[in-house]
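>>> sequence-free structure coming up:
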């Protein structure tokens, strides 16, 4: 199957921009490189902050039903923890987000071996993936900051030099838009996502949030969170086709890896290159609602199962289920699953992908 995003133009927006954008020093890497931070504020007061380390979203301040702003992402108040190992807060995961079984895959009959950092498997790009790289700011003006990174041939075991860019745009419609683009000089595999953890309320966990996923199928996994190769009907605990409290059925997954949701749902009505409704998250206590649309075929819903005693923002300690991830992406282990949509990118082709998070209240 051909890569569905090749030569697909970025989806244009007609929203008038009135954003204010500022750029400032944030930290220094161990090698002395400057880490910068960009703040974008739209006309409604919504605030998004991004740093060059991992091209990470560090803050998203969204209003509740009374208009009160609050940061709805997990992370840290101070710069230092962002540059140390952490649970992938807000970063770009890559070169391949999610897992590749045993860190091995083949292209055109040649096998490649990747770094393994999740037991015997490869996770989120390896030991030093895109989350642990200092990206550079290509442009920062209007309502958009664009960052880029050049991944050398052989990095973490991947073939080919990969030039990748991600652009964050904050519209006056309270949409946070993420546009991805990449090219390679050798056949390689690619799967990019943003790994922000969301908590739309002020509670210690997200079990009281309501979630809807327009997905009648999901990707079953084994004890190592590797797909079995089949797609299964999203029934029972896995059925989020109608809004449902996350805590309602999570107990049914007590024996699953991590003891919670960490699965990829197959988005109904997915059409390559077109923005498709992928999910809606609602916090009844604050009224905040986040609607997700994407050009990707899947969405990984992860309930922060492995969070434990993480010193976070405003003196909070993040424990299990303190936040959740809605990671738009291709399916895990796609390079080893020929029935899944392809993640192969070849020279002369351009990978393009878009995801939009729309913030409102009800």
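Looks like it came in fine. Not measured: the values here are computed from a predicted model. Numbering: from 1, shown residues only.
>>> for residue 282, what are its contacts?
200, 209-211, 243, 288-290, 362 (C-beta atoms under 8 Å, 6 or more residues apart in numbering). The C-beta positions use only the backbone N, C-alpha and C, and glycine is treated the same way.
>>> wait, I meant residue 134
Neighbours of residue 134 in contact, by C-beta under 8 Å, 6+ apart: 29, 33, 35, 52-53.
>>> can you check residue 270 too?
Contacts of residue 270 by C-beta under 8 Å, 6+ apart are 276, 296-297.
>>> most neighbours, which of those residues?
residue 296 (27 neighbours; other C-beta atoms under 10 Å).
>>> nearest residue to that one other than its sequence neighbours?
Nearest residue to residue 296 in three dimensions, chain neighbours excluded: residue 328, at 4.3 Å (C-beta to C-beta, 6 or more residues apart in numbering).
>>> packing partners of the host helix or strand of the one you found?
Using DSSP states H and E, residue 328 falls within strand 325-329. Judged by 3 or more C-beta pairs under 8 Å, 6 or more residues apart in numbering; DSSP states H and E, strand 325-329 is in contact with strand 193-194, strand 276-282, strand 288-294, strand 298-302.
>>> just list what the first one packs against, helices and strands only.
Packing contacts for strand 193-194, counted by 3+ C-beta pairs under 8 Å, 6+ apart, involve strand 92-93, strand 325-329.
>>> right, and those - which one's nearest residue 283?
strand 325-329 (13.6 Å; C-beta to C-beta).
>>> measure how that closest one sits relative to strand 276-282, angle-wise.
Angle of strand 325-329 versus strand 276-282, following axes from the mean of the first three to the mean of the last three C-alpha atoms, to 10 degrees, is 180 degrees.
>>> within the sheet, what are the partner strands of strand 325-329, with directions?
Strand pairing for strand 325-329, using DSSP bridges, gives strand 298-302 (antiparallel).
>>> tell me the first helix or strand C-terminal of the partner strand.
strand 310-311.
>>> helices along the protein, start to end?
79-82, 246-249 (DSSP state H).
>>> would you mind listing the buried residues in the last one?
So the one you mean is helix 246-249. residue 246 (16 or more other C-beta atoms under 10 Å).
>>> cool, stretch 295-308 as well?
Buried-residue list, stretch 295-308, by 16+ other C-beta under 10 Å: 295-305, 307.
>>> I appreciate the help and will end here.
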